[in-house]
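Visitor: sequence plus the predicted model coming up.
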Amino acid sequence: MLENLESKLNIILNQIKKLKIIVNEFRDKSSKLELENKKLKESINNKTLVIEKLLNEKKVIINAKSLNEIGNSSKETRYKINELIRGIDKCISQLNL
């Protein structure tokens, strides 16, 4: 009977050792995955910043092309901008009536 209990105890101890090994493997894997997740999030943030920068550059290019279409001289450009502002002001004043 004592031998039987001793044998069962050894079996349980061996299972506990195996479980400890498995738990440690899962912890290691979890740590690696957390690190990878962090790197991927940083990569997404960096790519988002690049996209925002490119979109802003696109807007600047579109605005520059629009100004070039208006005219090459800065006087013409200022005149056209002032004309647009006056038109906007007229619209606003009519909305306020």
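Guide: Sure thing, it's come through.
Visitor: count the neighbours of Thr77 for me.
Guide: When neighbours are counted by other Cβ atoms under 10 Å, Thr77 registers 15. Quick note: C-beta positions are derived from backbone N, CA and C, even for glycine.
Visitor: pLDDT at the most centrally placed residue in the chain, what is it?
Guide: Nearest residue to the geometric centre of the chain (Cα atoms, centre = their mean): Asn45, 3.5 Å. Listed pLDDT for Asn45 reads 90.
Visitor: can you name the next helix or strand after the helix or strand harbouring Lys20?
Guide: Using DSSP states H and E, Lys20 maps to helix 2-70. Per DSSP H and E, the first helix or strand lying C-terminal to helix 2-70 is helix 74-96.
Visitor: got the angle for that following helix vs helix 2-70?
Guide: 110 degrees (axes from the mean of the first three to the mean of the last three Cα atoms, to 10 degrees).
Visitor: before we move on, back to that, against Asn24, how distant is the residue nearest to the centre of the chain?
Guide: Distance of Asn45 to Asn24, computed by Cβ to Cβ, to the nearest Å: 32 Å.
Visitor: got it, and Val60?
Guide: Using Cβ to Cβ, Val60 is found at 55 Å from Asn24.
Visitor: ditto for Leu40
Guide: 25 Å.
Visitor: what's the answer for Leu5, then?
Guide: Separation of Leu5 from Asn24 (Cβ to Cβ): 29 Å.
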